[in-house]
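K.L.:
Below are the sequence and a predicted model for it; my questions follow.
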Amino acid sequence: MAEISVEQIKKLKELSGAGLTDAKKALVEAGGDFDKALEAMRKKGLTKAEKRGDRETREGLVDSYIHDGRLGAIVEVNCETSFVAKTDEFKTLAHQIAMQVASMAPLYVSEDDIPEDVKAVKIKELEENFKGPENMKEKILEGQMKKAFSDKVLMNQPYILDDSKTVEQFIKEAIAKTGENITVRQFKRIELGVTE
């Protein structure tokens, strides 16, 4: 087994948001393989993050991003405590979400925010154009619906600074690091000369 250094433990602690003991344990279990240990820690952290998802978020901040004086976005990002809301990490996260909204122009925060009448119109259109096997219709239409709205839902969009993950995964990583639930409550995007 490879020797585990204090520097490796500290680095893993920093990247995963876990304690020193957990970081050391993960490195030992991974046989000193740093990447394997980090992956294991992230999985554990994301599991914990999902459990935190039900906790109420009443604190947070409003942040904005303006690009070239031509388009901008303002977002409300919430967390559980004012302590976390005041950290540089949380402020950076909120700013990056504002950049995402300005860049990718989502219409909804999550799939739950898509109005029922908008869904009904889209499903009707998909049903009228359906050409697949009847016994697979429901499953295929479900997939087509998800795809139709994927770029319009903030949480489903590829994260602009790392497109290997979605915005939702990016936020879950932040939840794992802060130990608090984090939610995007609302956003508004404005583009010069474009009205809704």
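P.N.:
Looks like it arrived, so ask away. Residues are numbered from 1 along each chain as shown.

K.L.:
Give me the three-state assignment for the residue nearest the centre of the chain.
P.N.:
For the chain, the residue nearest the mean C-alpha position is residue 168 (2.1 Å; C-alpha atoms, centre = their mean). Secondary structure for residue 168, judged by DSSP: H, G, I helix; E, B strand; the rest coil, is helix.

K.L.:
Need the pLDDT of the residue lying closest to it once chain neighbours are set aside.
P.N.:
Sequence neighbours aside, residue 155 is the residue nearest to residue 168 in space, at 4.1 Å (criterion: C-beta to C-beta, 6 or more residues apart in numbering). (Glycine included, C-beta is placed from N, CA and C.) Residue 155 carries a pLDDT value of 94.

K.L.:
could you measure residue 155 against residue 73, distance?
P.N.:
15 Å (C-beta to C-beta, to the nearest Å).

K.L.:
higher neighbour count, those two?
P.N.:
Neighbour comparison, residue 155 and residue 73: the larger count goes to residue 73, with 24 against 20 (by other C-beta atoms under 10 Å).

K.L.:
that older thread, tell me the spacing between the residue nearest to the centre of the chain and residue 111.
P.N.:
Going from residue 168 to residue 111 by C-beta to C-beta gives 10 Å.
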